[in-house]
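Student: Predicted coordinates and the sequence they were generated for:
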Amino acid sequence: MRRRLPHAVSVSALAVLLAAGGDALAAGPATATGRPDALSPTHANLTKYTTQKLTWSAALCPQEVKELGKAAARSQCARVKAPKDYSDPSKGDITLMVTRTKPENPSHNNRFVFTNPGGPGGPDARFSVIVAAMSPMGRTETVIGVDPRGTGESTPVSCAQPKSDIRDSHRLTPANITAMQTAVKASVDKCVAQHGDYLPYITTDNTARDQDLVRQLLGARTIDYYGVSAGTWLGAHYATLFPSHVGRFVLDSNTDFTSSFQTSFGYQPMGFQRRFSGQFEPWAARHNDTYHLGSTRTAVNATYLRVRKAAANGELGFFSANVVDNVMAQQMYSDKGLITAAKFLGFLDEARQGDKLALYQAFALLSTGSDSYTDNREATTFMATTCNDTSWDKDPNHYVKRARSLGPQYPLLGYNQVVNQCAYWPYKATNTKIDLSKAPKILMVDNTLDPATPYEGAADAHRHAPNTVLLTVNNQGFHGAVIGSKNTCVTDAAYGFLMNGKQLHHDSVCQGLPLPGDSKVYPVGKQVSGPAPSDVQHKSKTPPHKSASLSDTILDLLSRLIGDIFGGPHA
């Protein structure tokens, strides 16, 4: 699940949302009712859509897909018409971008692996090609990506993001709070005024229906699925709506999908602080000879606080206190990011002492190029999906109280809870109840120190969805546990299921791998106990590709697709 970094207004769209209240501006789309596996919840005539013919062409693919190497050469794209509202197709159509990556070694299994990168709001067309390139699935499986409605090359929606001059969200003065609330409300009101004919229909239920429409057009009875982060939320919704079409589902880095987005995002301040304080700071201290941040965890934290204070006082130019927090939090997504975070903090500490070149070096360290999307389609889809899916508290002061409570406990991100776009969202939430009991068993995979989808949320979802098997990875903190991982305990189990159909018989536990430069694993917090994946579990016949981890790829995409690492929308 993507942590939407606060914009200049410090919007907590990374933990945005809560229990509902207030009147809806307009009735939202129909919720998930009727018989399971029905594409339309009102049984509307959808023949116009289900009888389309797919026309595949490499020329239709986004430029980013064409630049993804050998897997791109096996990829083609198609455009699909879908109803804006599956309950009432007379409201108009949207277009979906679909990517198909054929396997290197075609077999006769004719299985399709659908994907989703999370967000919600992350484009999937390119992500599916990344999955094909970074995993052994690309050798034997046909991998499918469907850009979610609202984002990527599907019919997009883009609204200006809220901005203010607040540079330090820790300073919760009445004036600052009012300025942030005013900016967020104005941005939501303007977005609704501009796109009110589309926003209510950007929901996870409809995105799941879009995927099932594509399934039907492919002629597949069932689909396999790999979803990461908020892609697990989508996977759970699909399995609830279309249980008889569920094949082999692997949900990686799970949201608390049986609860609300409020609850799921609510774990993040704790999760990011645990990764920062429990893993990053001790790791940096162990490598003080390299990064010079301090030889103890306390000393590293003191360096961070000195840098943050200098930023809050305007001594580091562009790097405000909020930017420093956001950069450090963003780097917690991957183990490679810990190295970047240490270098970044070191450069700013030197800049604090008057080294102007170090300030430039800190900026250059974070420059990763730009994405083709110069608008805010990812951020807007994130807002619409999260606010439409589950109810949120409509009292803006609820979030102020939350920030005052969480900030001192989890200072890295706790104060960013002060404002929330969903407090001003006018549409009624769908509040679909997740029920996986009619689907085949689903494999969940989770790292215990994942900052963006903390383990506690995944464990709660597992408890409330008994038709799941949970593979836990102790002391591993990057986001995205499977694709690109070097942990064969994890990849053997996940690919053994996705590619060979060999499901784990019971909840299992793998041990994490050492952090960069470490020779052993340093435990953090309570350890999850349990058996290793069963010896009966068949291992993947094709070893994982040697490549960067998925968390590194996500980190790169985050900086370009889901809002830039400086805390604002990309230009």
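Tutor: Great, that's in hand. Everything numeric here is computed off the predicted structure, so don't read it as measured data.

Student: Tell me where the stretch 401-550 of the chain is predicted with low confidence.
Tutor: 535-550 (pLDDT under 70).

Student: can we see that at 90?
Tutor: Applying pLDDT under 90 to the stretch 401-550 of the chain flags residues 484, 505, 534-550.

Student: How far off centre is the helix or strand encompassing Asp205?
Tutor: Under DSSP states H and E, the secondary-structure element containing Asp205 is helix 204-218. Using C-alpha atoms, centre = their mean, to the nearest Å, the distance from the centre of helix 204-218 to the centre of the chain it belongs to is 20 Å.

Student: what's the nearest residue to Glu315 if we skip its chain neighbours?
Tutor: Take Glu315 and drop its neighbours on the chain: the residue closest to it by C-beta to C-beta, 6 or more residues apart in numbering is Arg352, 6.3 Å away. The C-beta positions use only the backbone N, C-alpha and C, and glycine is treated the same way.

Student: which ones are touching the one you found?
Tutor: With contact set as C-beta atoms under 8 Å, 6 or more residues apart in numbering, Arg352 has these partners: Arg306, Val307, Ala310, Glu315, Leu316.

Student: give me every residue that touches the last one.
Tutor: For Leu316, the contacting residues are Val307, Ala310, Val324, Leu348, Ala351, Arg352, Leu359, by C-beta under 8 Å, 6+ apart.

Student: Can you tell me what sits against the helix holding Asp205?
Tutor: With C-beta under 8 Å, 6+ apart as the test, helix 204-218 has contacts from 29, 31-32, 39, 46, 49-50, 52-54, 80, 82, 85-86, 96, 98, 112, 114, 120, 144, 146, 148-149, 223, 233-234, 237-238, 241-242, 245, 385, 389, 430, 432.

Student: how far does the helix or strand hosting Leu338 sit from the chain's center?
Tutor: Leu338 is part of helix 335-352 when elements are defined by DSSP H and E. Helix 335-352 sits 24 Å away from the centroid of its parent chain (C-alpha atoms, centre = their mean).

Student: quick one on the thing from earlier: tell me the two of the contacts of Leu316 that are most distant?
Tutor: Val324 and Leu359 (12.3 Å; C-beta to C-beta).

Student: now the residue nearest to Glu315: how far from Asp93?
Tutor: 55 Å (C-beta to C-beta, to the nearest Å).

Student: do the same with Ala230
Tutor: Where Asp93 is concerned, Ala230 sits at a distance of 25 Å (C-beta to C-beta).

Student: who's more crowded, these two?
Tutor: Neighbour comparison, Ala230 and Asp93: the larger count goes to Ala230, with 31 against 12 (by other C-beta atoms under 10 Å).

Student: my guess is that one meets Pro120, correct?
Tutor: Yes: applying C-beta atoms under 8 Å, one finds Ala230 in contact with Pro120, separated by 4.5 Å.

Student: so where is the chain shaky, pLDDT-wise?
Tutor: 1-37, 62-71, 105-110, 163-165, 366-374, 484, 505, 534-571.

Student: ok, residues contacting the helix of greatest length in the chain?
Tutor: Secondary structure of the chain per DSSP state H: the longest helix is helix 174-195. The set of residues external to helix 174-195 that reach it, using C-beta under 8 Å, 6+ apart, is 9-11, 25, 157, 159-166, 199, 380, 383, 396, 400, 418-421, 423-426.

Student: what comes up buried for that helix?
Tutor: When neighbours are counted by 16 or more other C-beta atoms under 10 Å, the buried residues of helix 174-195 are found to be 176-177, 179-181, 183-185, 187-188, 191-192, 195.

Student: Now render these as CSV, adding distance to Lys102.
Tutor: Below are the buried residues of helix 174-195 laid out as CSV (distance: C-beta to C-beta, whole Å):
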residue, distance to Lys102
Asn176, 54
Ile177, 53
Ala179, 52
Met180, 48
Gln181, 50
Ala183, 47
Val184, 45
Lys185, 48
Ser187, 42
Val188, 42
Cys191, 39
Val192, 42
His195, 36
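
Student: Out of the residues you listed, which comes closest to Ala481?
Tutor: Ranked by distance to Ala481 (C-beta to C-beta), the buried residues of helix 174-195 are led by Val184 at 33.3 Å.

Student: Which secondary structure element is home to the spatially most distant residue from the centre of the chain?
Tutor: Relative to the centre of the chain, and counting by C-alpha atoms, centre = their mean, the farthest-placed residue is Gly354 at 37.7 Å. Using DSSP H and E, no element contains Gly354; it sits outside every helix and strand.

Student: just Asn388 next, same as before
Tutor: Under the criterion DSSP H and E, the helix or strand holding Asn388 is helix 377-389.

Student: Beyond that helix, next helix or strand please.
Tutor: If you walk from helix 377-389 toward the C-terminus, the next helix or strand you reach (DSSP H and E) is helix 396-409.

Student: For Asn109, which residues are in contact?
Tutor: Thr140, Glu141.

Student: For it, what is the enclosing helix or strand?
Tutor: Counting by DSSP H and E, Asn109 is found in no helix or strand.

Student: Look up how far Ala59 lies from it.
Tutor: Separation of Asn109 from Ala59 (C-beta to C-beta): 28 Å.

Student: again with Leu96
Tutor: Distance, Leu96 to Ala59, by C-beta to C-beta: 17 Å.

Student: So for these two, which sits in the more crowded spot?
Tutor: For Leu96 versus Ala59, neighbours defined as other C-beta under 10 Å are more numerous around Leu96 (24 against 7).

Student: CA-only coordinates of stretch 299-306 in CSV, if you can.
Tutor: Only the C-alpha atoms of stretch 299-306 are listed here, as CSV (Å, rounded to 0.1, in the frame of the first residue of the first chain):
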residue,chain,number,x,y,z
ALA,A,299,23.6,9.2,18.5
VAL,A,300,22.1,8.5,15.1
ASN,A,301,18.8,9.8,16.3
ALA,A,302,20.5,12.9,17.7
THR,A,303,22.0,13.6,14.2
TYR,A,304,18.6,13.3,12.6
LEU,A,305,17.1,15.7,15.2
ARG,A,306,19.9,18.2,14.6
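
Student: For that stretch, buried residues please.
Tutor: By neighbour count, and taking 16+ other C-beta under 10 Å as the criterion, the buried residues in stretch 299-306 are Val300, Asn301, Thr303, Tyr304.

Student: try stretch 304-322
Tutor: Counting neighbours by 16+ other C-beta under 10 Å, one finds that the buried residues in stretch 304-322 are Tyr304, Val307, Arg308, Ala310, Ala311, Ala312, Leu316, Phe319, Ser320, Ala321, Asn322.
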